[in-house]
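[1] Please find the sequence and the predicted model below.
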Amino acid sequence: MTTRQAKTLEETWNECQKPFQTILVDLQSGLDRKKYMDLYTTVFQYVCSANAETEELYLRVKELLRTRAGELVKMGTPLPDEQLLDFFVKRWNEWSLSCKVLDHIMAYLNRTWVKNQRQSNTPDVYEIIMISDITWRDRLFLPLKERLTKALLRLIQKDRDGEMIEAHLIRDCLQCYVRLGLNMENPKEFTLDMYKEHFEAEFLHGTEIYYTIEASAFIPANGICEFMKRIQERLDQEEGRVSRYLHASTRDVLITRLDSVLIDKHKEIMWQKFAGLLTEDKTEDMALMFSLLSRISGGLDTLRSTFEKHVKQVGLDEIQKDVKEASEKPQIFVQILLRVFRKYTELIKVAFKQDAGFVAAMDKAFRDFINSNAVVDAEVDKTTGSKAPHILSKYCDIILKKGPLHITDEQELENTLNDIVSLFKYLADKDVFMLVYSKLLSKRLISDLSASEDAEGSMITKLKAAQGFEYCMKLQRMIQDMSVSKDINTEFSQYLENKSLKLSFAFTIFVLATGSWPLNAPPSNFNIPNEVTQAVNYFKGFYESKYQGRKLTYLHNLARAEVDSRQAKGKVYKLSVSTYQMGCLLPFNNSDTCTKRDIQDATLLQDLPLKTALLGLIKTKVIDCDAEDCKTWDENTKFMVNLKFASKKLKVACNVPVVVDDQKSTGGATSDVSKQEIEQDRVFKLRAAIVRIMKARKVLSHNEVVAETTAQVSRWFTPRITTIKKVIEYLIDQDYIKRSTDDASAALKKYEYVA
């Protein structure tokens, strides 16, 4: 049995040197598996041998790499820059693959000797693959780096100019830049130092110069709108370059530099152009401008300010165009508001991506011009404030009640109600809107004018969502009262049936809670006609048996009736009249002629409501009068049945507006809100707010009370300081609060809550 003698260093190197050189110079010619394994085995056996000079073997391999790198730099240096780049990339790719193979052959040396040296902190000892990178960096890259970077930047400029280039050259070369960012402390990781220092810095500087020159030539020749399109095109192109051949870390710094040179330096020109784009409705250009300016700090502030002024001016101009018609017809005024609102709401959605700043700018513009414009300023009152709440609530009445202007399409109505509530949010005096709206709602409900119960409920729900439950509490109760009244009428009918009682006419009654409805007791006495007394007594008996302790107050001024008229031979007309008119007509069953005294004795009506009722009947020609002017009427004025009465319709509405003593009567419940009503409602709200605040805080200074009270009621209206002071004095007089007795100074007013 023989023992194989270990090879010496020279024998080992003689076996490895030439194949190693071939691997570095001409790996493409091939390295078969057997040769590869032979080389690996030779190195392995030598490193394992007892007398191995491993360090010397390591140094010879290192020198071999340095020699080959020296040969390559001599070959590349004479070449022109672009040919040098092609040579560098090609040789780098070959070098990387060759050194990777060499590193695998020397793997055992790396795992043993190199590892031990690294653990002993021996300087300049690394694995073969790391040594190859260091050698390439020091011997080839650093001497050629300036020429390589210039060649790269020229190729990139050609790419920007639209010329065809070999992008892989840039990509592969920059991968070399990245690879050569060696981490000597942790060879397994790379840094970007070489890439950033020798390429990225110059690339960014060149980019800024390139686009500065381009912009200075492009804008005068093509205008800012085309330049914005060019900017977007260039940004997209640069994003593509990052993905095609630049390192991903360059993206953010490149985009920041592009935003600066292409957008920030030209933002003032864009700002100046924005007003024109708004006027010309160039949505696409505005969307592009928004997209670009949103990339820089403060880029949108001026746009928002310009947008706010534009929307306000457009709103004022649109109202001014139709100021006469808008003043007379609520629907015209509100339709103008809706048209402007929908236009700019859509613009914010499409062009400005629902940006909160633009939404806020539009809100401010609408708050300004809705509450102060040619229509409302003509009738503004210091006490009641803007007329906008009146007009908006009347428009709601128009579209929600039966009539030619009611919106029949459910989806269109729903969208319109949503927009109206959006306009409602801009009102300064939301309490006035509610006062008018509640009166109009009560009129619709009592007179059966609501076109849709669902629409009424939907509007209340929307107002509740916008302003809170408390704001709509009374409206909700009004709807509930109407529902309860239906049940009461059903139960009353059952009551009559159970009692075997019969009525000679249809009888319906609404039972309404006093505190929820904006209704007042009738201003005049009224003697219920004998023909109706039986029904009223029956209902009184039913209601008192069902609800004990409740008191009914009849609002005859709001009631209505249908009276059959047979005054014209061969025809029976149904006269739709108020209860007062019914009382005036029934005496004519006994005589075709009655005096004013006869009618007044029968009805017990005071002069004004009596005249209003009779004038409505005269205006519709149901009766005649021997005196044309109601101002000349006296007790003996005669009223006669018009036996020649004729109408195209069998149902005749007699409760029509008339003028009584130079005052117009609406022919029913009024929807107007007086200054006194508004002031009284606001005083009640201020009292409640101050009591709530003081109950919670116990002791507050005068300024704190004013501030917190204003904050609480500002969602309804903006209170005047003088009114708050008066309310505080009232609450002191009523012992809800008192002045503090331990004030250090009389100048510091404080109030205490009285439990």
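    Looks like it came in fine.

[2] CA atoms for contacts and neighbours, from now on please.
    Fine.

[3] Distance from the chain centre to stretch 496-516, please.
    For stretch 496-516, the distance between its averaged C-alpha position and the chain's averaged C-alpha position is 49 Å (Cα atoms, centre = their mean, to the nearest Å).

[4] Same check on stretch 349-362?
    Averaging C-alpha positions (Cα atoms, centre = their mean) puts stretch 349-362 7 Å from its chain's average.

[5] Over to stretch 59-67?
    Taking Cα atoms, centre = their mean, the mean C-alpha location of stretch 59-67 is offset from the chain mean by 69 Å.

[6] In terms of helices and strands, where is residue 574?
    Under DSSP states H and E, the secondary-structure element containing residue 574 is strand 573-578.

[7] residues of that strand that come out buried?
    573-578 (16 or more other Cα atoms under 10 Å).

[8] same question, stretch 467-482
    By neighbour count on 16+ other Cα under 10 Å, the buried set for stretch 467-482 is 467, 471-472, 474-479, 481-482.

[9] likewise stretch 403-419?
    For stretch 403-419, the buried set under the neighbour-count rule, 16+ other Cα under 10 Å, comprises 406-407, 413, 416-418.

[10] the strands in the stretch 601-750 of the chain, which residues?
    Shown for the stretch 601-750 of the chain, the strands assigned by DSSP state E, counting those that start in this stretch span residues 623-625, 638-641, 651-653, 658-660, 663-665, 699-701, 737-739, 750-753.

[11] er, the stretch 201-350 of the chain actually
    Ranges of strands within the stretch 201-350 of the chain: none, based on DSSP E, counting those that start in this stretch.

[12] Could you say which helix or strand holds residue 55?
    Secondary structure assignment for residue 55, by DSSP H and E: helix 54-76.

[13] Who are the packing partners of that helix?
    Judged by 3 or more Cα pairs under 8 Å, 6 or more residues apart in numbering; DSSP states H and E, helix 54-76 is in contact with helix 9-26, helix 81-105, helix 128-136.

[14] hmm, 7 Å instead?
    On a contact count with 3 or more Cα pairs under 7 Å, 6 or more residues apart in numbering; DSSP states H and E, helix 54-76 meets helix 128-136.

[15] for the stretch 451-600 of the chain, what spans make up the strands?
    With DSSP E, counting those that start in this stretch applied, the stretch 451-600 of the chain shows strands at 560-565, 573-578, 593-595, listed in chain order.

[16] can you redo those as a markdown table with mean pLDDT and distance to residue 719?
    Converted to a markdown table, the strands of the stretch 451-600 of the chain look like this (pLDDT from 0 to 100; distance: least, Cα to Cα, whole Å):
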| stretch | mean pLDDT | distance to residue 719 |
| --- | --- | --- |
| strand 560-565 | 91 | 40 |
| strand 573-578 | 92 | 40 |
| strand 593-595 | 93 | 53 |
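
[17] Output those strands in a markdown table; the columns should cover distance to residue 185.
    Conversion of the strands of the stretch 451-600 of the chain to a markdown table gives the following (distance: least, Cα to Cα, whole Å):
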| stretch | distance to residue 185 |
| --- | --- |
| strand 560-565 | 99 |
| strand 573-578 | 101 |
| strand 593-595 | 119 |
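
[18] To residue 754, which of those lies closest?
    Taking Cα to Cα as the criterion, residue 754 comes closest to strand 560-565 out of the strands of the stretch 451-600 of the chain, the separation being 48.9 Å.

[19] got the contact list for that closest one?
    By Cα atoms under 7 Å, 6 or more residues apart in numbering, the surrounding residues in contact with strand 560-565 are 572-579, 582.

[20] next one: stretch 573-583
    529, 556-557, 559-566, 603, 613-614, 650-655.

[21] where does the chain have low pLDDT?
    Per-residue confidence of the chain (counting by pLDDT under 70) places the weak regions at 1-5, 379-386, 662-671, 742-748, 755.

[22] Roughly how far does residue 216 sit from residue 205?
    17 Å (Cα to Cα, to the nearest Å).

[23] Same question for residue 314.
    When residue 314 is compared with residue 205 (using Cα to Cα), they lie 45 Å apart.

[24] So between the two, which is more surrounded?
    A side-by-side neighbour count of residue 314 and residue 205, using other Cα atoms under 10 Å, places residue 314 first with 15 against 12.

[25] quick one on the thing from earlier: for the strands of the stretch 601-750 of the chain, which one sits closest to residue 333?
    Between residue 333 and those, the tightest spacing by Cα to Cα is seen for strand 663-665, at 23.6 Å.

[26] Next, residue 7: phi, psi?
    Backbone geometry at residue 7, expressed as degrees, to the nearest 10, gives phi -80, psi 150.

[27] What residue, apart from its backbone neighbours, is nearest it spatially?
    Sequence neighbours aside, residue 46 is the residue nearest to residue 7 in space, at 6.5 Å (criterion: Cα to Cα, 6 or more residues apart in numbering).

[28] Near the one you found, how many other residues are there?
    Applying the criterion other Cα under 10 Å, we find 22 residues in the vicinity of residue 46.

[29] Just to check, it is in contact with residue 52?
    Yes - look at residue 46 against residue 52 with Cα atoms under 7 Å: they come within range, at 5.9 Å.

[30] now the buried residues of stretch 403-419 in CSV, with distance to residue 376 and secondary structure?
    Shown next, in CSV, are those (distance: Cα to Cα, whole Å; DSSP: H, G, I helix; E, B strand; the rest coil):
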residue, distance to residue 376, secondary structure
406, 24, coil
407, 25, coil
413, 25, helix
416, 22, helix
417, 22, helix
418, 23, helix
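
[31] Looking at these, which is nearest residue 106?
    Lowest distance from residue 106 to those (Cα to Cα) belongs to residue 418, with 77.8 Å.

[32] Can you give me the distance of the closest one to residue 329?
    Distance, residue 418 to residue 329, by Cα to Cα: 21 Å.

[33] that older thread, are any of the contacts of stretch 573-583 buried, and if so which?
    Judged by neighbour count, with buriedness set by 16+ other Cα under 10 Å, the buried members of those are 529, 556-557, 559-563, 565, 603, 613-614, 652-655.

[34] So the closest residue to residue 145 other than its chain neighbours versus residue 84, what's the distance?
    If the residues on either side of it in the chain are set aside, residue 145 comes closest to residue 198, at 7.1 Å by Cα to Cα, 6+ apart. If you measure residue 198 against residue 84 using Cα to Cα, the figure is 17 Å.

[35] Show me which of those two is the more surrounded one.
    residue 84 (19 against 16).

[36] Next up, the contacts around the more buried one.
    Remark: with contacts taken as Cα under 7 Å, 6+ apart, residue 84 is in contact with residue 76.

[37] how far away is it from residue 141?
    On the measure of Cα to Cα, residue 84 and residue 141 end up 11 Å apart.
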